[in-house]
Each structure stands twice: as structure tokens, then as C-alpha cells.
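1. sequence? don't have it. structure:
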């Protein structure tokens, strides 16, 4: 059976070691807090305005402000800055926290489309940082698709003795 | 509805901010890699020899060597060292990766019992580091109990239309 990281690497086309090349430099120190806030604001402005209703609706349970804060606090923490996310909410627990959402291949690609545009329209992100971040995001998006499939496995096994399913 | 971190704080008796006081100092730089390897070796030696078969059996799907490496690489990464765990396996995804295991209140307490003994029997861990680490471990253990309950919620909702359950 493939592991989560093997699925993520295969589906994203990004090796696990390339995804975590974000740790070779401290991107938080390089880019600064405001850049991360701007990036997440850019990203969620696109997401909350997405013409694709199926994608926009995935985020409907949260306010835009909360979504922005959760995201940039996680990015800051993961990319070398203070542990803003964990101080407030505990472990990132990415698969567990994405559990309520349908993280499909299609949703991952739509997320990445908006993130690429957000990166390109945020000032002060150099090309090397952009590449490192997109590799990280791309691998992570498909890591979460792999995590989402665990739900289906669990549902199948839960109901294995149940004639109705 | 209580959040994961609210449940973790209530059940563990450790506030989220106290749990992540591990980030106030760099415990990896303070203690060094070998101390983390020794701690995890001590811990899993106790776990794999546990007279309580119900607890020991939770770990039976892994070799002791793999369990030790997975644990110390995560601890090193989370406590200020290089991202050994993610380079090899991707995101910690603590809730997702604990999904196959029955993380009950009783199992959390047994885990913590062995970890307290492992900390006490590992050389070169000062009292302040020990306190910080136990607060982190205690909060995290019950964060995972809270995460484990998501499985039951999912199972319940999966089968909500099923007369057999």
C-alpha cells in the first residue's frame, strides 16, 4: 500500500524532499510577516470570489477573515516564524482539520490555481521563494487528497457488515 | 461544539499556550539529537515490554526501530531541530497518522505514564525542559484523543441512515 507521502509525490509530481526544501532557508525571515498576510489575503479574496460555486462553497463555513488568519499563521509557523498557529489552535493536524472538507484532485488543482495567482500578485516574493512555496503547496495539496481518501477507507470498513451500503 | 484544542486543554489540564511553551526555547539546541534518540529508545523499550497487553498491542504493526525513529524525528523537528520527519514522511499530520489506532483516554494516560518514566530515566534532561516537554506531551495526547473522536462522529454520520447501527 502506498504511503501518504508516496501518493502525494506521485499525484503532485513533487518529491517529498523538494516539497520540504522550504526548510533550507528561513522564508519567514526572508519575506516577513506582512508578506504572508498579504499572500493569504490575496488568496482568500480570489477563493471567496471564485465563479466556480462548487469550490467557493467548500469555504462557506468560515469567515474570510478567519480563513486568512488560520492560513497565514500556519504558513508563518511552518516557514520558520513564531508558532502563531499552535499557540492559538494547537497542532496543525492538517489531515484531521481538513476532514470536514471534500479534498478531491479537482479541488486541489483549483486551490493551487488560486494560490499561483496569489503568489504572482503579491509584492516582494522572489522567484526562488515562489518556487519553493509552490512545491510545498502542491505536494501538501495532494498529501491532503491522500488524507481525504482515508475517510473513504474508514467509511467502507465501518459499513462492511452493513447490507444497506 | 468544543474545538480540538479546547477538548485537549480540558482533558489534559494543560492550556494550549502552556503546551506550546516548548517554542520559548530551542529544546533541540539545548538537549541535542542524541538525547532525543535516547528518550525515544527508552520510551519504546518500555512500551514494547509493557505488561499491559492491550496497550502493547497498539504498537504491534510497527517494528520498535521504526517507532523510535518516527518519534525522535518528529520531536527533533517540532522542538527546533531540522525537519527530519517531513523530509522523509511529509507532514506530521498527527491526527491523520494516528487514525488506525484506538487513542482513548486510557491509552493516553498509559502513553504518558511510560513517557514520564522515560524522561526521568534519560540523562541530561533538565527539570525545566522536562516540564515543558511533559506539558506538550500531555496536551498532545489528549488532542489526539479528541482527534480520535472525530472518527466516531464520522462513523455515526456515515451510518445515520442505516438501520443496522
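-> Thanks, I have it. All of these numbers come straight from a predicted model, not from anything done at the bench.

2. only C-alpha atoms from now on, for both contacts and neighbour counts.
-> OK.

3. in whichever strand or helix holds residue A:131, what's buried?
-> Element membership for residue A:131 (DSSP states H and E) is helix A:127-158. Neighbour-count burial for helix A:127-158, counted by 16 or more other Cα atoms under 10 Å in any protein chain shown, picks out A:129, A:131-148, A:150-151, A:154-155, A:158.

4. next, the angle from the helix or strand where residue A:10 lies to helix A:127-158.
-> In this assignment (DSSP H and E), residue A:10 forms part of helix A:4-12. Angle, helix A:4-12 to helix A:127-158, by axes from the mean of the first three to the mean of the last three Cα atoms, to 10 degrees: 120 degrees.

5. what's the first helix or strand after helix A:4-12?
-> Counting by DSSP H and E, the next helix or strand C-terminal to helix A:4-12 is helix A:16-19.

6. ok, residues contacting that following helix?
-> Contact with helix A:16-19 is made by A:5, A:8-9, A:132-133, A:135-140, B:86-90, as judged by Cα atoms under 8 Å, 6 or more residues apart in numbering or on different chains.

7. nearest to chain B: which residue in chain A?
-> residue A:93 (4.5 Å; Cα to the nearest Cα).

8. hmm, back to that, of all the residues in the helix holding residue A:10, which ones are buried?
-> Going by 16+ other Cα under 10 Å, helix A:4-12 has these buried residues: A:4-9, A:11-12.

9. ok so, going back, and for the residue of chain A closest to chain B, the neighbour number?
-> For residue A:93, the neighbour count with other Cα atoms under 10 Å in any protein chain shown is 18.

10. pretty sure it contacts residue B:95?
-> Yes. With contact defined as Cα atoms under 8 Å, residue A:93 and residue B:95 form a contacting pair (5.7 Å).

11. Three-state assignment for residue A:123, please.
-> Using DSSP: H, G, I helix; E, B strand; the rest coil, the structure places residue A:123 in coil.

12. what does residue A:43 give?
-> helix.

13. residue contacts, it?
-> A:114-115, A:117-118.

14. show me what contacts the residue of chain A closest to chain B?
-> B:92-96 are the contacts of residue A:93 under Cα under 8 Å, 6+ apart.

15. most neighbours among these, which one is it?
-> Highest count within those by other Cα under 10 Å belongs to residue B:96, 25 neighbours.

16. element containing that one?
-> helix B:94-97.

17. hmm, who's touching that helix?
-> A:91, A:93-96, A:147, B:144, B:147-148.

18. again, only using 7 Å
-> Residues outside helix B:94-97 that contact it (Cα atoms under 7 Å, 6 or more residues apart in numbering or on different chains): A:93, A:95-96, A:147, B:144, B:147.

19. now do that helix: distance to the chain's middle.
-> 10 Å (Cα atoms, centre = their mean, to the nearest Å).

20. mind pulling up the pLDDT for residue A:73?
-> With respect to pLDDT, residue A:73 scores 98.

21. what's the farthest-apart pair in the contacts of helix B:94-97?
-> Greatest spatial distance in the contacts of helix B:94-97: A:147 and B:144, 16.2 Å, computed using Cα to Cα.

22. apart from its chain neighbours, what residue comes closest to the residue nearest the centre of chain A?
-> Residue closest to the average C-alpha location in chain A (Cα atoms, centre = their mean): residue A:141, at 5.2 Å. Once flanking residues are discounted, residue A:141 sits nearest to residue A:108: 5.4 Å by Cα to Cα, 6 or more residues apart in numbering or on different chains.
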